[in-house]
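Engineer: Fold the following and give me the result.
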Amino acid sequence: MTDLRHPIFARLYPRLDAASAKAGGDAYRAELLDGTSGRVLEVGAGYGANFPHYPATVTEVVALEPEPRLRAMATHAAGRVSVPVSVRPGLAESLDLDDASFDVAVASLVLCSVSDPVRALSEMRRVLRPGGELRYYEHVRGRTARKIRFQRCADLAWPLIAGGCHVSRRTDEWIAGSGFTVRAERRFEFPPGRLPNPASPHVIGVAVRD
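Structural biologist: Residues are numbered from 1 along each chain as shown. From the prediction side, this is the model:
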């Protein structure tokens, strides 16, 4: 079994995410998954926040989560939705799954925390069928020099308190350079607020496996 234990973060994250959902996070998750169909792989499923947003056109979701407390919560959440969801341990960087066996791969606020995001993208591409979709909703590096400096400073401590999350990663650039063609993408700041937030730059998009 592949476990990555973040016991404090695992206790706090569902509460923090519930506040995020009320601020608009649920709408982004719904946008992320709108129109998905067939067999879906979700990496870093957390406590299962995406599960209620999968449409009926999805025939199966294989959800991987390496943190045991979050995985247990995701297993409970899977039993409360109509789409079939199986929750398993697993790392995005090393998928024990067959080549070209999924129609869609979902990365939702997870590529910021994996140890090797480029390898994780390569693995997701491998298990997608040709023409399959990568749906992504992620923290990304800011666009101004001031924001990037702020994020780099935050990354000295942020991963220690946020389950390994890094806020300054160029995830959108890595997706475009990992054998995917970006079909739709938009950037936005979330949550809205006046206080500086190193994790506010986000991207949501759809890319197709070449």
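
Engineer: switch to C-alpha atoms for all contacts and neighbour counts from now on
Structural biologist: Fine.

Engineer: and Thr171, how many neighbours does it have?
Structural biologist: 23 (other Cα atoms under 10 Å).

Engineer: Could you do Leu16 as well?
Structural biologist: Neighbours around Leu16, by other Cα under 10 Å: 11.

Engineer: can you pull out the strands in this structure?
Structural biologist: Using DSSP state E, the strands of the chain run over 38-43, 58-64, 85-88, 102-108, 128-139, 180-189, 201-209.

Engineer: Just put the ones you listed in JSON lines and tack on mean pLDDT.
Structural biologist: Below are the strands of the chain laid out as JSON lines (pLDDT from 0 to 100):
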{"stretch": "strand 38-43", "mean pLDDT": "98"}
{"stretch": "strand 58-64", "mean pLDDT": "98"}
{"stretch": "strand 85-88", "mean pLDDT": "98"}
{"stretch": "strand 102-108", "mean pLDDT": "98"}
{"stretch": "strand 128-139", "mean pLDDT": "97"}
{"stretch": "strand 180-189", "mean pLDDT": "97"}
{"stretch": "strand 201-209", "mean pLDDT": "97"}
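
Engineer: Looking at those strands, which is nearest to Gly25?
Structural biologist: Among the strands of the chain, the nearest to Gly25 by Cα to Cα is strand 128-139 (10.3 Å).

Engineer: For the longest helix along the chain, which outside residues touch it?
Structural biologist: Identified as the longest helix of the chain according to DSSP state H is helix 7-20. By Cα atoms under 8 Å, 6 or more residues apart in numbering, the list of residues contacting helix 7-20 from outside reads Gly25, Asp26, Tyr47, Glu67, Arg69, Leu70, Ile161, Ala162, Gly163, Pro191.

Engineer: circling back: any chance of the strands of the chain in JSON lines, plus distance to Ala19?
Structural biologist: Converted to JSON lines, the strands of the chain look like this (distance: least, Cα to Cα, whole Å):
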{"stretch": "strand 38-43", "distance to Ala19": "22"}
{"stretch": "strand 58-64", "distance to Ala19": "23"}
{"stretch": "strand 85-88", "distance to Ala19": "24"}
{"stretch": "strand 102-108", "distance to Ala19": "17"}
{"stretch": "strand 128-139", "distance to Ala19": "17"}
{"stretch": "strand 180-189", "distance to Ala19": "16"}
{"stretch": "strand 201-209", "distance to Ala19": "17"}
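
Engineer: Pick the most deeply packed of those strands.
Structural biologist: Among these, ranked by average contacts under mean count of other Cα atoms under 10 Å, first place goes to strand 102-108 (a mean of 25).
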